[in-house]
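In: coordinates for the following, if possible.
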Amino acid sequence: MNDGLGMRYAAVGTLETTHLNADGFRQYCDKYANTINTVCSDMKELPKFTRTMISDIADQLEAEIPLDEIQRRRDWRDLFLIRLWQLKKEMESLK
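Out: Model (predicted):
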């Protein structure tokens, strides 16, 4: 987690990670909502990814990062991750 999604979460948070990992949050949910619901089914009282919830979240994400700006934001995230990885390596050498 700390070398994969954890670094992306540190860079842009969980919802923006999903927004950028597909062509928007709606597309991500079209691909993965069933899998997420299946994985979460044995957990206690988690919200289901309903069309209304997906639409509400996607609208908020698209207001901040429109679909036509996703690549620009991905580029920024990737640079952030490179620099975070470099810092992590530097800090490891100081142990």
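In: go through the worst-scoring helix or strand of the chain on mean pLDDT and flag the buried ones.
Out: Taking all helices and strands of the chain together, the one with the lowest average confidence (mean pLDDT, DSSP states H and E) is helix 5-12, at a mean of 86. The neighbour-count check on helix 5-12 (16 or more other Cβ atoms under 10 Å) flags 7-8, 11-12 as buried. Just so you know, the C-beta spots here come from the backbone N, C-alpha and C atoms, and that holds for glycine as well.
In: before we move on, what about stretch 76-89?
Out: By 16+ other Cβ under 10 Å, the buried positions in stretch 76-89 come out as Arg77.
In: and the contacts of that stretch?
Out: Contact partners of stretch 76-89, identified using Cβ atoms under 8 Å, 6 or more residues apart in numbering, comprise 7-8, 10-12, 20.
In: Thr38: which of these is nearest?
Out: Arg8 (22.3 Å; Cβ to Cβ).
In: which pLDDT value goes with the closest residue to the closest one other than its chain neighbours?
Out: Excluding its sequence neighbours, the residue lying closest to Arg8 (Cβ to Cβ, 6 or more residues apart in numbering) is Thr17, at 4.6 Å. The model reports Thr17 with a pLDDT of 93.
In: averaged over its residues, what pLDDT does the biggest helix by length in the chain have?
Out: For the chain, the longest helix by residue count, based on DSSP state H, is helix 70-93. Model confidence over helix 70-93 averages 93 on the pLDDT scale.
In: dump that helix to CSV, restricted to CA.
Out: Written as CSV, here are the backbone C-alpha positions of helix 70-93 (Å, rounded to 0.1, in the frame of the first residue of the first chain):
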residue,chain,number,x,y,z
ILE,A,70,-7.7,14.6,-16.7
GLN,A,71,-4.4,14.0,-18.6
ARG,A,72,-3.0,17.3,-17.4
ARG,A,73,-3.8,16.4,-13.8
ARG,A,74,-2.4,12.8,-14.3
ASP,A,75,0.9,14.4,-15.4
TRP,A,76,0.9,16.6,-12.3
ARG,A,77,0.1,13.5,-10.1
ASP,A,78,2.9,11.5,-11.8
LEU,A,79,5.4,14.2,-11.2
PHE,A,80,4.3,14.4,-7.5
LEU,A,81,4.7,10.6,-7.2
ILE,A,82,8.2,10.7,-8.7
ARG,A,83,9.3,13.4,-6.3
LEU,A,84,7.6,11.6,-3.4
TRP,A,85,9.4,8.3,-4.3
GLN,A,86,12.7,10.2,-4.5
LEU,A,87,12.1,11.7,-1.1
LYS,A,88,11.2,8.3,0.3
LYS,A,89,14.4,6.8,-1.0
GLU,A,90,16.4,9.7,0.4
MET,A,91,14.7,9.2,3.8
GLU,A,92,15.4,5.5,3.7
SER,A,93,19.1,6.2,3.3
